[in-house]
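Visitor: model the structure of this input:
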Amino acid sequence: QVQLVESGGGLVQPGGSLRLSCVASGSISRISRMSWYRQAPGKEGRELVADIGPSGITKYVESVKDRFTISRDYAKNTVNLHMNSLKPEDTAVYYCYAISVSPSRDYWGKGTLVTVSS
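Guide: Residues are numbered from 1 along each chain as shown. Down below sits the predicted model:
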């Protein structure tokens, strides 16, 4: 089992920055890749925002490229999402997601709300 706890959300003005963190606990040695998803208010489904694989290769949705950076700190069992130049359309609940192997399972955090508004 893996538990994921997000933090760092809040209210920020357009153009501002936030850093989200996700701490993993439990069977962390089996985690292969970690990601951040988001769900905007009133919208169905979650959107993959950023992903980091076991080799450190990262992927981003087009709308956040050059503004967001995902990183993983193995020593602290965390995955971070640095968000710069935030826009109102970035407003969403951001969820941490992890995939573990042997056995293959996926896990979600409970989410942290990011609101970008003046």
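
Visitor: which strands or helices does whichever helix or strand residue 113 is part of pack on?
Guide: Assigned by DSSP states H and E, residue 113 belongs to strand 112-116. Strand 112-116 makes packing contacts with strand 10-12, strand 18-26, strand 92-100 when contacts are defined by 3 or more Cβ pairs under 8 Å, 6 or more residues apart in numbering; DSSP states H and E. (Glycine included, C-beta is placed from N, CA and C.)

Visitor: which of those strands sits closest to residue 54?
Guide: Comparing these by their distance to residue 54 (Cβ to Cβ), the top pick is strand 92-100, with 9.7 Å.

Visitor: need the next SSE after that closest one, C-terminal direction.
Guide: Downstream of strand 92-100 (by DSSP H and E), the next one is strand 105-108.

Visitor: list the buried residues for that next one?
Guide: residue 107 (16 or more other Cβ atoms under 10 Å).

Visitor: swap in stretch 109-118?
Guide: 109, 111, 112, 114, 115, 116.

Visitor: kindly report the same for stretch 7-27.
Guide: Those would be 8, 9, 12, 18, 20, 21, 22, 23, 24, for stretch 7-27 by 16+ other Cβ under 10 Å.

Visitor: so how far is residue 63 from the spatially most central residue of the chain?
Guide: In the chain, the centroid-proximal residue (Cα atoms, centre = their mean) is residue 36; its distance is 2.6 Å. When distance is defined by Cβ to Cβ, to the nearest Å, residue 36 is 13 Å away from residue 63.

Visitor: how far does stretch 51-61 stretch from start to finish?
Guide: 9 Å (Cα to Cα, to the nearest Å).

Visitor: now do the same for stretch 45-57: mean pLDDT, whole number.
Guide: On average, the pLDDT along stretch 45-57 is 95.

Visitor: who's in contact with it?
Guide: 32-40, 58-61, 64, 68-72, 79, 81, 92, 94-95 (Cβ atoms under 8 Å, 6 or more residues apart in numbering).

Visitor: what's the answer for stretch 68-80, then?
Guide: Counting by Cβ under 8 Å, 6+ apart, 19-25, 28, 34-36, 49-52, 56, 58, 60, 81-84, 96, 98 sit against stretch 68-80.
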